[in-house]
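my questions concern the predicted model and sequence given below.
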Amino acid sequence: MSEGNWSSKASSEVIIERALMSKNIRAFFDARDVIEVETPLLSQFATTDPHLDSFQSCFREQPCFLNTSPEYAMKRLLSTLHKPIYQIGKAFRDDELGANHNPEFTMLEWYQPAYDDEQLMDEMEALIQTIAEQSSNKRLLASESSCGANSGLRFKRLSYQQAFELVTGINPHTTTAAECYQVAIDNKVSIPQGLTLAEEELNDWLDWLLTQLILPSFNNEGFVFIYDYPASQCALAKIALNQQQIPVAKRFELFFDEVELANGFYELTDAETQLARFEADNLRRVAIGKAPVRIDENFIAALNHGLPECSGVALGLDRLLMVVCGFSDIRQVLSFSWHES
């Protein structure tokens, strides 16, 4: 029997801080008439995302999966409810384990009908400002005040193109895998084994440069939104033309230093297009040696019924708590991480 992992690595103060954060999130949404909902953790369908893997279980000899996000089920509710909704719940990903990752984590996800991605970024700023102000730990507000921000948190917005051009000089919407390779060489960035100059791996190159060059440039910048991703990284977002008439994915991510906190979409509502994207995901999974997964037919049926125009976002609460408390390891904010579970 193990004698060393029975106790929580999180302090009593952090456990209380987590409870306060959840309480303040609920109060924030209650004041805005956003309805709290619950959706299943266990589903008959896995995610098709080539970069995510679902935990698999079995019920009466039928395969089932722990959700990687409540997204599909929440959109199914939204297709009939047509009101703003949110959920605080667990998500599970059979992914890496490290300072910013635990296979089980807590996610806040919410959807606002009639909002575009910019309006949802505005609301996210208001939520995080509220959490910081009402926290028992004033570290964030104190650090921002020392920068002359008058106790208001700093939020910066950059398009994906602006971020890349500022740091690497390349336009991510028109670049090539070969050009990305040259940027990596010029900046002495190590290249992952197996990454080739094939154009179908361009997004992998962009993701790698983002983590190795772009995100480190965000250190000490406060909260940074990146928006208008390449159209090829649309996932579940609408595609629209930017000011240069280039198709972009209407999605955003929020970072604090190099830590990704949130991922949001101006949601795609067209069932046929979404089905085609899921099918393309499965082809990509096969190409990288993963098994294809059964597409969530209930979600596609909900889109066919009619998802209202809306934007939605998923915010990792464990990582946000790390930022609030000034920690660098997710184990410091979890009651029991994978190592102690």
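Received it, and whenever you're ready, just let me know what you need. Given the structure is predicted, the values throughout are model-derived calculations rather than measurements.

report the buried residues of the helix or strand hosting residue 301.
If you go by DSSP states H and E, residue 301 is part of helix 297-306. By neighbour count on 16 or more other C-beta atoms under 10 Å, the buried set for helix 297-306 is 299-300, 302-303. C-beta coordinates here come from the backbone N, C-alpha and C atoms, glycine included.

and stretch 214-230, by the same measure?
Those would be 214-215, 218, 222-230, for stretch 214-230 by 16+ other C-beta under 10 Å.

what about the stretch 101-250 of the chain, any weak spots by pLDDT?
Under the criterion pLDDT under 70, the flagged ranges of the stretch 101-250 of the chain are 143-151.

how about the helices in it?
Ranges of helices in the stretch 101-250 of the chain, per DSSP state H, counting those that start in this stretch, are 117-134, 139-145, 160-167, 177-186, 202-209.

okay, angle between the last one and helix 177-186 too, please.
Taking axes from the mean of the first three to the mean of the last three C-alpha atoms, to 10 degrees, helix 202-209 and helix 177-186 form an angle of 20 degrees between their directions.

list the buried residues in helix 202-209.
202-206, 208-209.

what's the answer for the third one, then?
By neighbour count on 16+ other C-beta under 10 Å, the buried set for helix 160-167 is 160-161, 163-164, 167.

only alpha carbons, please: show stretch 186-193 as CSV.
Extracted in CSV, the C-alpha atoms of stretch 186-193 (Å, rounded to 0.1, in the frame of the first residue of the first chain):
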residue,chain,number,x,y,z
ASP,A,186,16.6,30.7,-38.3
ASN,A,187,15.3,30.8,-34.7
LYS,A,188,17.1,27.7,-33.6
VAL,A,189,13.8,25.9,-32.8
SER,A,190,14.1,22.2,-32.5
ILE,A,191,12.0,20.3,-35.0
PRO,A,192,9.8,17.4,-33.7
GLN,A,193,10.7,14.0,-35.1
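
what's the burial count for residue 115?
21 (other C-beta atoms under 10 Å).

now do residue 15
14.

residues contacting it?
The contact partners of residue 15, taken as C-beta atoms under 8 Å, 6 or more residues apart in numbering, are 8, 335.

chain center to stretch 29-49: distance?
Remark: stretch 29-49 is offset 14 Å from the chain centroid, using C-alpha atoms, centre = their mean, to the nearest Å.

average pLDDT for that stretch?
The average pLDDT within stretch 29-49 is 97.

which of the residues in it are buried?
Buried residues in stretch 29-49 (16+ other C-beta under 10 Å): 29, 34, 37, 39, 43, 45-49.

ok, stretch 254-267 next?
254-256, 259-267.

output the buried residues of helix 202-209 in JSON lines; the columns should cover distance to residue 332.
Listed next are the buried residues of helix 202-209 as JSON lines, based on distance: C-beta to C-beta, whole Å:
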{"residue": "202", "distance to residue 332": "37"}
{"residue": "203", "distance to residue 332": "32"}
{"residue": "204", "distance to residue 332": "31"}
{"residue": "205", "distance to residue 332": "33"}
{"residue": "206", "distance to residue 332": "31"}
{"residue": "208", "distance to residue 332": "28"}
{"residue": "209", "distance to residue 332": "29"}
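
of those residues, closest to residue 321?
Nearest to residue 321 among the buried residues of helix 202-209, counting by C-beta to C-beta, is residue 208 at 27.9 Å.

the residue lying closest to the closest one once chain neighbours are set aside: neighbour count?
For residue 208, ignoring the flanking residues on the chain, the nearest one in space by C-beta to C-beta, 6 or more residues apart in numbering is residue 192 at 6.4 Å. Neighbours of residue 192 under the rule other C-beta under 10 Å: 11.

got phi/psi on residue 192?
Phi and psi for residue 192, reported as degrees, to the nearest 10, are phi -60, psi 140.

longest helix of the protein?
Counting residues, the longest helix found in the chain (DSSP state H) is helix 12-31.

the closest residue to residue 240 other than its chain neighbours: what's it in contact with?
Nearest residue to residue 240 in three dimensions, chain neighbours excluded: residue 250, at 5.5 Å (C-beta to C-beta, 6+ apart). Going by C-beta under 8 Å, 6+ apart, residue 250 touches 116-117, 227-228, 237-240, 265-266.

rerun that using 10 Å as the cut-off
Contacts for residue 250 (C-beta atoms under 10 Å, 6 or more residues apart in numbering) come out as 116-118, 227-229, 231, 234, 237-240, 242, 264-268, 311.

out of the buried residues of stretch 214-230, which two sit at the greatest distance?
Largest separation among these by C-beta to C-beta: 222 and 230, giving 24.9 Å.

does residue 285 touch residue 48 like I think?
Yes - with contact defined as C-beta atoms under 10 Å, residue 285 counts as touching residue 48 (7.1 Å).

which neighbours do these two have in common?
Common neighbours of residue 285 and residue 48 (C-beta under 10 Å, 6+ apart) are 292-293.

switch the helices of the stretch 101-250 of the chain over to CSV; also include distance to residue 12.
Shown next, in CSV, are the helices of the stretch 101-250 of the chain (distance: least, C-beta to C-beta, whole Å):
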stretch, distance to residue 12
helix 117-134, 19
helix 139-145, 17
helix 160-167, 39
helix 177-186, 45
helix 202-209, 38
